[in-house]
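A.B. asks: Would you be able to build a 3D model of this:
(one chain, ligands or ions: 1)
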Amino acid sequence: MVDISKIKNIVVVGAGVMGYGIAQVALMAGFNVTLVDIKENIVNNGLTKIEEGLKKAQKKGKIEEGVSISDLMLKCKKSVDLSSVVKESDFVFEAVVEKLEIKKQICNLVMENSPPHCIFASNTSSFRITDIAEDAKRPENVIGMHFFLPVVLQCCVEVMKGEKTSDHALDVGVEIGKRLPCLKGKRLSVRIKKESPGFIANRLLMPPLIYLSWVFDQAFEKGIPWEQIDADAEARKLTPMGPCELNDYLGIDTAFNVMKSFEKIFSTDFAPGKVLTSLVKKGNLGRKTGQGFYNWKDGKPEIQLNKKAGLLNPEMTMAIMLNEGCKLLEENIVSGYKIVDDVMLTGTSIPGPFGPGKNNYEKWSEMLEDFVEISGKKYLKPCELMKSGDFINMRK
Ligand code: NAD
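C.D. replies: Got it, this is the predicted structure:
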């Protein structure tokens, strides 16, 4: 096991929802933390969120006896000057917007100004670590570490290499991940043996958007109201929300940006459809802007789910995720499917596809073949491992 006892100073770049969440758990683990963003007011807001989060954790008995919140907050610094704060850093988490150029700039700046042992971990949802590290001074020290929202509650972190990453840097990332507490229990720090844009979770979560984006466009053309699509999904039975509400909740731009990245990396089938593109163009990004598929008031959408459209098949999402999980096995990104289901459950609270997939793979393969036929979205063609059911023997 790699020794991380010398890692004391952690910098978190990006004080948004992910950044302040990572900073909070790093403080709870006993590290000195500096939170960095582009504007003073954003960092201040991040610090306020961290303090609120620590108070909640204390109420749940998750802060060590005798340690006060003000003691912990004394270990948390703030800055808008990244190049100077990284001079003393041992480990840097990057959680800025999902734009490759910005992530590359930050990676270069950190590697230029930090000590030689410093490791840079990107929380990217969709880019190759190899691309983020492309022009960086020490690409061997650049890794991917993907957390889930909210960081303090969702107990998974996926840790991945780029082409030039050293095994040592990956091992350090995995050990740091294990050290970061989670309110629901121990953190699952998953070592992914081969580079996979989107890690495990987003590899599974994004392909269903090819189908959903197609459904949104069909519904728009047919004049079907969005709430009928969410009613089709039998929202709050299989998943906590239907796809329109969920995309509004997470931010339409989040799905859009990841689809754009996957379009370049995997297939043009990921190109966001007309509806998603138009919502982003209009700035109707969902809950955060008050308008997306729905109007949002006081953090809730104004919807009635009493009539179904009969357009969306909720089983398709699981079928697509099973297919993608099987592709991860075929590509040797994971050697067994248990870890895929574990990541899904601990990271997203959605059960993985392999449990139900064992009994449904034949039916689901046919559903995918039929959808490819009518939509032309070839990326969703069922792979051999899914069609044959041979994945059943590949649990670990
Ligand atoms: P966010 O919009 O809440 O926060 C991003 C922050 O980055 C903003 O505060 C912004 O001011 C800051 N920023 C932008 N450019 C910067 C720069 N040059 N230097 C310093 N700070 C800069 O976004 P988020 O949801 O916290 O996502 C951050 C990253 O985490 C993205 O890569 C995203 O894909 C990834 N991610 C998000 C989720 C999620 O559910 N939100 C889950 C896993 C991973």
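
A.B. asks: buried sites along the helix or strand containing residue 175?
C.D. replies: Per DSSP states H and E: residue 175 is located in helix 167-179. Judged by neighbour count (16 or more other CB atoms under 10 Å), helix 167-179 contains these buried residues: 169-179. The C-beta positions use only the backbone N, C-alpha and C, and glycine is treated the same way.

A.B. asks: quick one: which of the residues you listed is nearest the ligand?
C.D. replies: Minimum distance to the ligand across the buried residues of helix 167-179 is 13.7 Å, recorded for residue 177 (CB to the nearest ligand atom).

A.B. asks: For that closest one, give me its contacts.
C.D. replies: For residue 177, the contacting residues are 145, 157, 159, 187, 189-190, taking CB atoms under 8 Å, 6 or more residues apart in numbering as the criterion.

A.B. asks: where exactly do the strands run in the stretch 1-150 of the chain?
C.D. replies: In order along the chain, the stretch 1-150 of the chain carries the following strands (DSSP state E, counting those that start in this stretch): 9-13, 32-36, 76-79, 91-94, 119-122, 142-146.

A.B. asks: now the end-to-end length of stretch 380-396.
C.D. replies: Here the two ends of stretch 380-396 are set 25 Å apart, with distance taken as CA to CA, to the nearest Å.

A.B. asks: Please apply the same query to stretch 281-298.
C.D. replies: From the first residue to the last, stretch 281-298 extends over 24 Å; the measure is CA to CA.

A.B. asks: Does the ligand have contacts with that stretch?
C.D. replies: No: with CB under 6 Å from any ligand atom as the criterion, the ligand is not reached by stretch 281-298; the gap is at least 8.8 Å.

A.B. asks: Mind listing residues that contact that stretch?
C.D. replies: Applying CB under 8 Å, 6+ apart, the set of residues contacting stretch 281-298 is 226-227, 244-245, 247-253, 279, 299, 301-303.

A.B. asks: ok, now with 10 Å
C.D. replies: With contact meaning CB atoms under 10 Å, 6 or more residues apart in numbering, stretch 281-298 is reached by 216, 225-227, 229-230, 242-256, 275-276, 278-280, 299-303.

A.B. asks: chain center to it, what's the gap?
C.D. replies: In terms of CA atoms, centre = their mean, to the nearest Å, the centre of stretch 281-298 is found 21 Å from the chain centre.

A.B. asks: List the buried residues in that stretch.
C.D. replies: For stretch 281-298, the buried set under the neighbour-count rule, 16+ other CB under 10 Å, comprises 284-287, 289, 291-294, 296.

A.B. asks: again, but for stretch 53-66
C.D. replies: Judged by neighbour count using 16+ other CB under 10 Å, the buried positions of stretch 53-66 are 53-54, 57-58, 63.

A.B. asks: As CSV, those with distance to the ligand would be great.
C.D. replies: CSV is the format used below for those (distance: CB to the nearest ligand atom, whole Å):
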residue, distance to the ligand
53, 14
54, 18
57, 19
58, 24
63, 23
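
A.B. asks: For the stretch 1-150 of the chain, which residues are neighbours of the ligand?
C.D. replies: Applying CB under 6 Å from any ligand atom, we find that the stretch 1-150 of the chain lies next to the ligand at 13-19, 36-38, 42, 95-98, 102, 106, 123-125, 146-149.

A.B. asks: and with 8 Å instead?
C.D. replies: For the stretch 1-150 of the chain, the residues in contact with the ligand (CB under 8 Å from any ligand atom) are 13-19, 21, 36-39, 42, 46, 82, 94-99, 102-103, 105-106, 122-126, 146-149.

A.B. asks: burial measure for the residue of the stretch 1-150 of the chain found nearest the ligand, as a count.
C.D. replies: Closest approach of the stretch 1-150 of the chain to the ligand (CB to the nearest ligand atom) occurs at residue 16, with a separation of 1.9 Å. The burial metric for residue 16, expressed as a neighbour count using other CB atoms under 10 Å, is 15.

A.B. asks: Could you tell me what pLDDT the model assigned to it?
C.D. replies: Note on residue 16: pLDDT of 94.

A.B. asks: how about the closest residue to residue 222 other than its chain neighbours, secondary structure?
C.D. replies: In space, not counting the residues next to it along the chain, residue 222 is nearest to residue 311; the distance is 7.6 Å by CB to CB, 6 or more residues apart in numbering. For residue 311, the reduced secondary structure class is coil; criterion used: DSSP: H, G, I helix; E, B strand; the rest coil.

A.B. asks: From residue 23, how far off is residue 311?
C.D. replies: Here the distance between residue 311 and residue 23 works out to 42 Å (CB to CB, to the nearest Å).

A.B. asks: same thing with residue 171?
C.D. replies: In terms of CB to CB, residue 171 sits 23 Å off from residue 23.
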